[in-house]
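Q: Give me the fold of what follows.
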Amino acid sequence: MSHIIFLHGASSSGKSTIARALQARIDQPFWHISIDHLRDAGVLPTERFRTGEFSWREARKAFFEGFHGSLRSYADAGNNLILEHILDTEGWLDILRGLLAAHDVLFVAVHCPLELLVDREMQRGDRPPGSAKRDFETIHQQKVYDIELDTRDGVDFNVRRILTGWCSGGRSSSFSGTMRI
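A: Residues are numbered from 1 along each chain as shown. A predicted model of the protein is given here:
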């Protein structure tokens, strides 16, 4: 069984910052993995999607099915993961719950005020305008978390909360064996 710390929050909520700090402090090796890593590494022909040469709408389903399947493969091979992801599509929670059922998943909500999300989205410039607001309004609905963080509490405080929660072993989220929504 591998350990997975699943950081779930709106686009630009601070998941990457928390993940990097967590990876630097946790006492076991953990991969830090996200869609952004694949995009930034050039795995996707991003520019060709931007120009319309390729249709992201047509490629999106296969891309995410592959990404989700890879998470299971990484964990099944014995790799611990710090996963940052946005469950913004109907059914993804159930799919990932099934794929990761054999592993210890700590499901962590990353909350951030809407004004800050919108500001970060504009500064980054690599997100579709309005995605942070849409995420803010929808992604935490009908999900139960082991830990809920507020990015205003600061990275160090939030990393300590995650480490405490991870070490406790207590799980009662949407990913635990007994919890179903």
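
Q: which helices and strands does the longest helix out of those in the chain pack with?
A: In the chain, ranked by residue count with DSSP state H as the criterion, the top helix is helix 56-76. Counting contacts by 3 or more Cβ pairs under 8 Å, 6 or more residues apart in numbering; DSSP states H and E, helix 56-76 packs against strand 30-34, strand 80-85, helix 92-99. (Glycine included, C-beta is placed from N, CA and C.)

Q: gap between Gln163 and Ala21?
A: Just to correct that, residue 163 is Leu rather than Gln. 10 Å (Cβ to Cβ, to the nearest Å).

Q: Now for His8, how many residues are close by?
A: By other Cβ atoms under 10 Å, 22 other residues sit near His8.

Q: Let me fix that, I meant to ask about Gly170.
A: Neighbours of Gly170 using other Cβ under 10 Å come to 11.

Q: Phi and psi next, for it.
A: phi -70, psi 130 (degrees, to the nearest 10).

Q: pretty sure it is touching Ser176, no?
A: No - Gly170 lies out of contact with Ser176 (Cβ atoms under 8 Å); the separation is 9.0 Å.

Q: Identify the contacts common to those two.
A: Counting by Cβ atoms under 8 Å, 6 or more residues apart in numbering, the residues touching both Gly170 and Ser176 are Asp146.
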